[in-house]
Each structure stands twice: as structure tokens, then as C-alpha cells.
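Novice: Following is a predicted model, sequence given first.
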Amino acid sequence: MNLRTRLRAIGLVGAAVLGLGLITAAAAPAGASSTTPECSTAELSAKLLPGSPGAGQRYATVVLTNAGGRTCSVTGYGGLALLGAPGQGVPTDLRRVSSPAPHTVTLAPGASARSLLHWAAIPAADENGAACEPTATGVVVTPPDQTSALLRSWSFGPVCQHGLIQQNAYVAGSAAF
């Protein structure tokens, strides 16, 4: 068997092992618990709290609260999309911030997790006009690892830089950052 054939065979065996799930490609997040189930969207309520604005920068905090009757958990990042006139989307480019690293937050009934949002209020060089993107009136908040979302109002003005919003992973707490 020549070197090329050996390498091909090793690659095929490796792919088969990964395909069978015999080796995991990534470890579970630190603090992950197999005994605490994920919070479903139906178990959570959401609210957005204003942050302190600074020179061209805007901040808000997304707070997810366990409104269910059992302890559950959230891990990592959620989803978010801005909405304008009834049912119309507003450009949203949600990007994850790597620090703090994602970890599992266990939520007893009534407990909360929060995530910091950051965006610019100054237009990009190629955005026409002073208004940046259309100003959103609503926001769709999708909890981590869920496919259904919660609709809330958006009262934080326009999001510039083509709708770029940076989001931190969820951490324990309910106060604004």
C-alpha cells in the first residue's frame, strides 16, 4: 500500500468514526449539566433594558426570565431580529462576542439570565442619509437553542453600520449592564 492509499484509508476511517459519533468534535460548554433541561421559549419571558449610551455607541440588555414551574437552563447566545412597519424586517447583522465565554446558566423559576447588546448610532461610510437603517419598532428575541421566539417592542432608535449588533453570551442576572 503506497503512502497516498494509506492516507486516503486513514481519512475514510476517521470520517466513519466521526459519523458514528464515536468521537465528539467539541466538548460540552463548561458547567453544562445533563440533569437540567433546556428552557423552552414557552417557559421564558423576555424584556429589553436600556444601557448607557456613549459617543455614537448604544447598549441594551436582553433579560430572559424563567416564567415556568421547573428549573431549566440556557447556554450561550440567542437570536435577535429587528422589525419595522407591521411585519417588515429591518436589516439585522447579529454577531457573537467571544468574551465572556458561553456557559450554562441554571434558572430556577423566577430567575433570569442576561445578554449585552451593543451597536453603533453613526452611519457607515456607504450608508446613505443620516438615518442609517430604517428605525425598528419591534424585535424578535429567540432564546438559546430554540426555534420559536418572543416579540417585544424596540425603543432604542436606529441601528447603523448595516444593522450590526454585537451580542454577549447569556450570564446570570436581571439588571442592565
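Specialist: Happy to help now that I have it.

Novice: switch to C-alpha atoms for all contacts and neighbour counts from now on
Specialist: Will do.

Novice: name the helices or strands packed onto the helix or strand Q166 falls within?
Specialist: For Q166, the element it lies in under DSSP states H and E is strand 164-167. Contact here means 3 or more Cα pairs under 8 Å, 6 or more residues apart in numbering; DSSP states H and E; on that basis strand 164-167 packs against strand 93-96, strand 112-120.

Novice: Can you tell me which helices and strands the helix or strand following the first one packs against?
Specialist: Using DSSP H and E, the helix or strand that follows strand 93-96 in sequence is strand 104-107. With contacts defined as 3+ Cα pairs under 8 Å, 6+ apart, the secondary structure elements packing on strand 104-107 are strand 72-75.

Novice: Kindly state the distance between the middle of the strand it packs on and the middle of its chain.
Specialist: Relative to the mean C-alpha coordinate of its chain, strand 72-75 is positioned 13 Å out (Cα atoms, centre = their mean, to the nearest Å).

Novice: pull the CA atoms of stretch 127-144 into CSV?
Specialist: Backbone C-alpha positions of stretch 127-144 (Å, rounded to 0.1, in the frame of the first residue of the first chain) are rendered in CSV as follows:
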residue,chain,number,x,y,z
GLU,A,127,-25.0,54.2,4.3
ASN,A,128,-27.0,56.9,2.6
GLY,A,129,-28.6,59.5,4.7
ALA,A,130,-28.3,60.3,8.4
ALA,A,131,-30.9,57.7,9.4
CYS,A,132,-28.8,54.6,8.8
GLU,A,133,-31.1,51.7,8.5
PRO,A,134,-34.9,52.1,9.0
THR,A,135,-35.7,52.5,12.7
ALA,A,136,-37.1,49.3,14.2
THR,A,137,-40.3,49.3,16.2
GLY,A,138,-40.1,45.7,17.3
VAL,A,139,-37.6,42.9,18.0
VAL,A,140,-37.8,39.2,17.8
VAL,A,141,-35.8,37.5,20.6
THR,A,142,-35.0,33.8,20.2
PRO,A,143,-33.7,32.1,23.3
PRO,A,144,-30.6,30.0,23.0
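
Novice: who's in contact with that stretch?
Specialist: Contacting residues not belonging to stretch 127-144 are listed as 40-41, 46, 64, 74-85, 90-91, 121-124, 148-155, 157-163 [Cα atoms under 8 Å, 6 or more residues apart in numbering].

Novice: Tell me who's in contact with S115.
Specialist: Going by Cα under 8 Å, 6+ apart, S115 touches T61, V62, V63, Y77, Q167, N168, A169, Y170, V171.

Novice: should've said A120
Specialist: G56, Q57, R58, V159, C160, Q161, L164, I165.

Novice: circling back: out of the contacts of S115, the closest to G110 would be?
Specialist: If you rank the contacts of S115 by distance to G110 using Cα to Cα, V63 comes first, at 11.7 Å.
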